[in-house]
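**Q** Compute the structure for the input listed below.
(one chain, ligands or ions: 1)
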Amino acid sequence: MKQLIIGLTGGIGSGKTAVSDLFAARGITIADADVASREVVQPGMPALGKIVAHFGEQILLPDGSMDRAALRSIVFSDPAERKFLESVTVPAIMNRLQEILENSTSPYAILMLSSGSGQHPWIRRHLVVDVSEATQLARVTARDQNEEAQVRAIMATQPTRQQRLDYADDVITNEGTLAALEQQVDQLHNKYLILSGSVSSTPESSEER
Ligand code: ATP
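**A** Now for the predicted structure:
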């Protein structure tokens, strides 16, 4: 990948979408694995054809779109079926992300890999959105009307706060207001423009790791 790729991660409800929206508003390409995972199984896409050929039409809704709940219940209790599903979707998602990044004309681009460790060889710097568990719980229960126990169960499947911080090159602390978040994004945007070589750095502002 020729472009500077920033990997953006953070736990559930940490503010990844809020942060990526701010970078997008500054003209930066966002390649989001969650968005790509929905795109690659749209009706007419090859991945959906392979999934239907394997699982049957029972995983389709009447309008021809994928019945995510039906598929989830099949793969939930069957690791082999889950593996098959991933063998179809993961390469399709990575191809879609690669296409977005290769077509990007912004000075640098952001890759959001929400699930798993958020690591990928395309990524040159890791940006982590960091909040306390209490803030995660408060924001997700307010956003999704989820029970606290449900949110805790999802958090338990994700890397820990410390694991994320251990591989972070840059950290955004999202405990304050949205205005404070925007200020941090602006600082990082300026830093990434310098690192990407699209603006020259002054001795005071250059801060390579
Ligand atoms: P997920 O992991 O579920 O995709 P996320 O990391 O993308 O979540 P967001 O959806 O950006 O997180 O933020 C979670 C919720 O918290 C949203 O409702 C968002 O509007 C709100 N939020 C994010 N940052 C702040 C902030 N600084 N102040 C107040 N609310 C915030």
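
**Q** doesn't residue 177 make contact with residue 18?
**A** No - if you go by Cβ atoms under 8 Å, residue 18 and residue 177 don't touch, sitting 11.2 Å apart. For glycine as for every other residue, the C-beta is placed from the backbone atoms N, C-alpha and C.

**Q** Between these two, point out the one with more neighbours.
**A** Legend: neighbour count by other Cβ atoms under 10 Å for residue 18 and residue 177, higher for residue 18 (18 against 9).

**Q** Let me know the pLDDT of the more buried one.
**A** pLDDT for residue 18: 97.

**Q** Give me the spatial nearest neighbour of it, chain neighbours excluded.
**A** Take residue 18 and drop its neighbours on the chain: the residue closest to it by Cβ to Cβ, 6 or more residues apart in numbering is residue 181, 6.2 Å away.

**Q** And the one you found, how far from the ligand?
**A** Noted for residue 181: a distance of 5 Å to the ligand, by Cβ to the nearest ligand atom, to the nearest Å.

**Q** tell me which element that residue falls in.
**A** Using DSSP states H and E, residue 181 maps to helix 178-195.

**Q** CA-only coordinates of the one helix or strand residue 17 maps to in CSV, if you can.
**A** Per DSSP H and E: residue 17 is located in helix 16-25. C-alpha atoms of helix 16-25 as CSV (Å, rounded to 0.1, in the frame of the first residue of the first chain):
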residue,chain,number,x,y,z
LYS,A,16,-14.5,5.2,16.6
THR,A,17,-17.4,6.4,14.4
ALA,A,18,-17.4,9.8,16.0
VAL,A,19,-13.6,10.0,15.3
SER,A,20,-13.8,8.7,11.7
ASP,A,21,-16.7,11.1,10.9
LEU,A,22,-14.4,14.0,12.0
PHE,A,23,-11.5,12.7,9.8
ALA,A,24,-14.0,12.2,6.9
ALA,A,25,-15.1,15.8,7.3
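
**Q** Show the average pLDDT along the lengthiest helix in the chain.
**A** Criterion DSSP state H: the longest helix present in the chain is helix 79-102. Helix 79-102 shows a mean pLDDT of 96.

**Q** tell me what that helix is packed against?
**A** Applying 3 or more Cβ pairs under 8 Å, 6 or more residues apart in numbering; DSSP states H and E, we find helix 79-102 packed against strand 29-32, helix 33-39, helix 46-55, helix 68-76, strand 108-112.
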